[in-house]
Every structure is written in structure tokens, then in C-alpha cells.
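1. below: sequence and its predicted model.
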Amino acid sequence: MGKSENSVASEDPSSSRPWESYHTVYTNAKAGMEGVDKEKVQRIVYEMSKGSKYFENEEKKEAYMKQKIENMRIQYSKLTAQDISHHQKMAEKRILELEVTRDLSRIWLHVDMDAFYAAVETLCNPSLEGKPVAVGSMSMISTASYEARKFGVRAAMPGFIARKLCPDLLFVPVDFEKYTHYSNITRKVFQKYDPNFLAASLDEAYLDITSVCKERGITSGEVAEELRQSVHLETGLTCSAGVAPNRLLAKVCSDINKPNGQFVLPNDRSAVMTFISSLPIRKIGGIGKVTERILKDVFGIATCEEMLQKSSFICALFSPSSADFFLSVGLGLGGTDAPQYKMRKSISNERTFSAIEDEALLFQKLVDLSEMLSADMKKEGLFGRTLTLKLKTASFEVRTRAVTLPSYVSSSEEILKHASKLLKAEFPVSLRLMGLRMSHFSEDKNGIPPDPRQRTLSNFILAGDASGEKTNDYKPLVPDVCDNTFSVDVNCCPTYCAETSCDLRGTSMENQTSDSTYSFHILRNINEEVNDTVIPQSSEPRPKVHEPTDTDRTIKSEKVDSYTGQLEASSCDRWEVGVNCEDDGAGFVSDQKQLFRWVDDYKCSICGIELPPNFIEERQEHSDFHLAEKLQGEESGYHHRSSMPQPRAVQKSHTGSSSRPKKKQKSSPTASKYVPIDAFFVKTNQNF
């Protein structure tokens, strides 16, 4: 009760100790900060930050966090005994399911370099040995040596606050080229123990040492000791190691005996559960300041073991994925299998600096970032299309602006050109961080964008030919076909003729119809014809259609049998170019107007391709090709654009039939892959 009262009092603005309610990451103990006076650090951070933009931003975040905690407390209080009982059963079932996944057969080692950046600087400049060193500047620190950590100085802390904590602190500028060099040396050592090791950053990695232990007949502790000695011998730097049955616990173990130490957790369930029982939740990777506050203030969870004790509430108030993570932490479960390679989704870099308002300086920062991003992309052979600019203002507001480029790029010039437009739109602005990210990579990594001429079948109908250009000189495959041959009887299957379509889109008409509207009518009739149905027509007024002549009425239709490819007489035209239908049934097909048939049951009468009768699928696709050609002709007319869909196999045979001998066709596959022609046309959810 007293603890609760103290908490309430500390949150009172009139309290004489206001810094106690000021929560920051700087008081979280890192390795080497065990004996630090946390209250002193918290007070200095509060006093140095008060009134700054950072302080105002932290207050906003704190207010949001308190509101979030209060909302969860309300939900927590509304849980009935029945709800808790229900979620308890769910939690117990899920715990059993997770327990089954426990794998104690693998041995994972996590290696972490000790104060890596600071150690490299000290190695290159021995005069820094034994002195408090911070790599960074007065605006931000990247790494602090263990001598500096004794004063409460740590990474991600502003340099002016660190100088207040440690007046003798020495600042060294960041040199990533140097750190990358030493990181590459350490990775060569890691490869000797696990060629497929997982690099988590420049200074840490995960190694599966199961095979090494078995092949050499040595313990995991001996492997860790040998690896650490090898790293020191090759680089002159020290590192710490943790050994455990999975990666989650291995990372925790590597932090226990820092610096230059190691800790081994046996591959035994009881040992794991004992280890995890008293482990603070903040030690777990993935649980940061925000999650820690929620778990502590709402559920009273401070250790990993308490995750299981409060499992019913966790399942009730968190999403299934979050609940699984928390329950896995309580059981000491983590990744054991080597993660499968996944194609990189994005690549980025960013830099923090003192607040800058000068546009020229900001553009120079952008130039540097563009060159770095381009170099990283070229190193991995990546070409991307989506560029994202990240900005953090002087008031710590984070903005992201993205643009999708017309083509895949990787050059610094292209990146800078588009990034400059995004940055220019934000002026005037004062920034303290800038970053660039590229995503949406080309799958073949060659940077060649898709062929702009590549179109969908709907593009062919609605837009024009494959090149995207309007063609007025289109000539149909079959010559001597007059405009009349594109007309049909209104009473049967109404389709607008070429003449009417020209008038519809002409500027002289009173009621003009757009291309899309015209195409819509064409598609409607396509669907009606292909489905072999006659749909009652709308009573709405429609443009005048061509009246069939007596000659038209003598022309009858033919229909292709979808199974044999043979032509059979039909009372209504279904797909022959220039054929109309009548209400009355009987009639004969005009020999002069027959445009499609299998001559001698083998050869196409239009293009000459030879397809045996047993090529059922191929013959059906071939007939669909000529049908699509006819439909395109109806849409485009004599003076309008048209497009010719290219069939998968027929086109090649058609174009080459007159210039080289025909190749013998292979047998049709047993499993039919035929797709009806109507599936390629634009569908609409409108009912007719």
C-alpha cells in the first residue's frame, strides 16, 4: 500500500522530486552500470532535459503511455470470473502446445563484442586506455567505454548530458569504416565454427555450435572459450559469449559476465526453468521500455516466471501473437532452427546530427546518404522502386515521405534526384536526423523494369495495341471483308458495328460515348456470346446499329465443338468474322464467307496451321485466338485501333508457316490446362 502511495505522490507535479516520474531509457542498467546511482542519473537527465524539445516530446510520449496503461487497466477490471476461467483454459492449452515445441537438441552461442566502437578506438589510440571514452558527439553517443559507464554514461545518450555525468569524458568521432574492418576480421573467426552464422550487427552474432561440439568431442563451454581467445588473438579485442539451447536465452547469457566473460546454460529443461524464473523481463530481447511499463503497471509482472502465473490475463488482453511471445518467454523458448534465407525487403541508412536549418547543409547530408545507400545496394546487386525519406525534426517529430519510382534504380544520381524532391517539399524545417530507405526490389536483381509494352488482355480491348499506340492502318487477317460483315441482327445478338462505333466517338454527336463505355458494350456482348445465352436487352435508348442487308441474312453461323474442334451448324453466329444471325433457324453456311474450318480435318483455313484432331486443347485455344481477333476487329472497326492477342503456341506457327517447314506437334498433355476465352476479358459485377 505504501508503495502505491509513493507512486501516486511521485506523479504529483508539485512533488519536490519531479524527476522520479520522468522515465527514460538512460537509467536502464547495461553491462558495467551495476553500481551506478540511478536516482542521481535520473535527476541529472531531468534537469538537463527540462524545457528542451526532447523533454516536450518525452512528456507527450509519457502522456500517451499513461493513457494506454489506463485503458488496459479498465479492460483488466472488466474481466469477470467467467472470462478469467475461460482464458485460463485457453492459456493452459496454449502452454501445452508450446511446450511440445521445446527443442533441447541444439546448442547456440551468442557472441557480443565488448564496447566495440570504444574498444576499437582505444586499440588504435592506446593513450585512451583506462579513460572514460564516448564514441559520438555532444548531440549523441554511439558507445561508451566501461570506464564511462561507471558514471552512468551509456549509448543513445546526448553528449551534453553525458558530460554532466562525467566531466572528464573524452569524445571520439565515429569511424564506421574502421569498425567495419574489425568486424570483418571477427566474422572470419566465426565462420570457422559455423559457416552459416547469423550476424545481428557489426559487433554480435549467433552461432550454431552443435556440430562442432559433436565432431570435436568438446563441451560448449570449451568452444566458447576457444572462440573468444581466437577473436582476441586476431583483433586484440575482447568479447563475451553466452551458450544456451536457443538464441533467445543465448543472448541473455552473453550479457551476464561482461566484459570478457561467458556463461553456459545447460540443455536441460529444469535448468532453463530455474534460470528463467527470476530473470527480469527487460533482459529479454523484444521487451523494451514501453512493454515493460505495461506489464509491470497493469499486470504486476516483473519476472519471466510471472508471465505464466498471469497467463490468463495475458491471453485476455493481448493479441494471440503477442500472447504466444509472452508465454514462450515464460517457458524459456526461443529459436533453434537456422532461419531460412529470405529475400531482403528493404535496405536503409540514417544519420543523426545537431539540429540543422540551412538547406544547403541538409542537401549535403542527403547527398552523402544517397551515395551510401547506392553503394550498399550495388554491393548486394539490388535495384529498387520505392524510396522513403525519414526525417526527425528538432522537436523530435518523426516524418516519413515515400515515392514509387517509374523504374528500378540503384545509382546515387537517381536516388538523389527523387530524394531531393521529397526533402524540398518539407522546407523550411530544422532537422536532427535524416535517413533513406529503398524497398520494392526487382526480383531478378538486374534492375531492368518490366517491358512497358507488356499489357493485359483487358488492355488490348480497352487501350489499343501492344505498343500502346493507336493504329489506324490495321488490316484483318482475312481480306475482302466489308463493313457489313461486322454487323448483326438486332433481334439476335446485338453488337455495335464499326460504323456505329466511329460515330459514337465522333465529336459531332450529341450524345457522345467514351471509349470505356463503348468497350463496356462490346464486353457485355462478348460474355453473352461466349456463354451461349441471349440476355434480354435494356429498355434504355441505345445508339443506332447497322441494319442487316439481304446478303447478311444469307450468311449463317458455325460453332466450334469445344471437344473435337469440328464445325457444326448453328442458328446463331457465335464467333465467325462477318457472320450474322437470324431468328429463324435453318440455313446454310455460305462457302464464300466461311472463315474458319479445319481443312481435311487437319489444317486451319485462315492461317494454315496444322493441328491433328487429338490436339483438343490446342485446337480450342486456336479457335479462341481467331474469335478474339474477330472481337478486336469489331471493336476497332475499319478506321480504328486494334490489337491482336498473341497466343502461347499458335502465333509462332502462324507467322512461320510460309517461310519454313512445319514442325511436328507434340501430343496434347493428359491434364487439360485450357482456359476459356471469356476468362480473359474484363468482368463486371453489374447484372444485365
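-> Sure thing, it's come through. What you see is a predicted model, and the numbers here were worked out from it, not measured in a lab. Numbering: from 1, shown residues only.
2. break the chain into its domains for me.
-> Using the TED database, the domain parsing of the chain gives 79-104+269-340, 105-124+174-267, 346-441, 596-620.
3. which of the ones you listed sits most buried?
-> When you average the neighbours per residue for each of these (mean count of other Cβ atoms under 10 Å), domain 105-124+174-267 leads with a mean of 19. Glycine gets a C-beta too; all of them are placed from N, C-alpha and C.
4. about what we covered before: turn the domains of the chain into a markdown table, including mean pLDDT and distance to Tyr54.
-> Putting the domains of the chain into a markdown table (pLDDT from 0 to 100; distance: least, Cβ to Cβ, whole Å) gives the following:
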| stretch | mean pLDDT | distance to Tyr54 |
| --- | --- | --- |
| domain 79-104+269-340 | 93 | 15 |
| domain 105-124+174-267 | 96 | 21 |
| domain 346-441 | 93 | 6 |
| domain 596-620 | 71 | 69 |
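5. of those domains, which is nearest Ile161?
-> Closest approach to Ile161 among the domains of the chain (Cβ to Cβ): domain 346-441, 14.4 Å.
6. end to end, how far does the closest one reach?
-> Length of domain 346-441, first residue to last, Cα to Cα, to the nearest Å: 8 Å.
7. ok, stretch 337-355 next?
-> Stretch 337-355 end-to-end distance (Cα to Cα) = 44 Å.
8. go on, stretch 291-305?
-> Terminal residues of stretch 291-305 are spaced 16 Å apart (Cα to Cα).
9. hang on, the earlier thing: nearest to Lys131, of the domains of the chain?
-> Proximity to Lys131 (Cβ to Cβ) singles out domain 105-124+174-267 among those, at 8.4 Å.
10. now the domains of the chain in TSV, with distance to Glu629?
-> Formatted as TSV, these follow (distance: least, Cβ to Cβ, whole Å):
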stretch	distance to Glu629
domain 79-104+269-340	47
domain 105-124+174-267	55
domain 346-441	32
domain 596-620	9
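11. of all those, which lies closest to Gly136?
-> From these, taking Cβ to Cβ, the stretch that ends up closest is domain 105-124+174-267, at 6.3 Å.
12. after the helix or strand where Asn71 lies comes which helix or strand?
-> Per DSSP states H and E, Asn71 falls inside helix 53-77. For helix 53-77, the succeeding helix or strand toward the C-terminus, using DSSP H and E, is helix 81-100.
13. outside of that next one, which residues touch it?
-> 79, 308, 311-316, 323-324, 327-328, 331, 333 (Cβ atoms under 8 Å, 6 or more residues apart in numbering).
14. next helix or strand past that helix?
-> The C-terminal neighbour of helix 81-100 among helices and strands, as given by DSSP H and E, is strand 108-113.
15. show me what contacts the closest residue to Leu295 other than its chain neighbours?
-> Of all residues not flanking Leu295 in the chain, Ile301 sits nearest, at 4.2 Å (Cβ to Cβ, 6 or more residues apart in numbering). Going by Cβ under 8 Å, 6+ apart, Ile301 touches 281, 295, 307, 310.
16. tell me if I'm right that the second one and Pro280 touch.
-> Right, the one you point to is Leu295. No: if you go by Cβ atoms under 8 Å, Leu295 and Pro280 don't touch, sitting 10.8 Å apart.
17. shared neighbours of these two, which are they?
-> Common neighbours of Leu295 and Pro280 (Cβ under 8 Å, 6+ apart) are Ala302.
18. the contacts of Ile301: which two are farthest apart?
-> Ile281 and Lys310 (11.4 Å).
19. which residues touch the residue lying closest to Asn260 once chain neighbours are set aside?
-> Leaving aside its sequence neighbours, Asn260 sits nearest to Thr238 (Cβ to Cβ, 6+ apart; 4.1 Å). By Cβ under 8 Å, 6+ apart, Thr238 lies in contact with 113-114, 119, 228, 231-232, 259-260.
20. Lys30 touches Lys150, doesn't it?
-> No: assessed by Cβ under 8 Å, Lys30 is found out of contact with Lys150, at 11.5 Å.
21. would you say Ser142 is within a helix?
-> No: read with DSSP: H, G, I helix; E, B strand; the rest coil, Ser142 is strand and lies in no helix.
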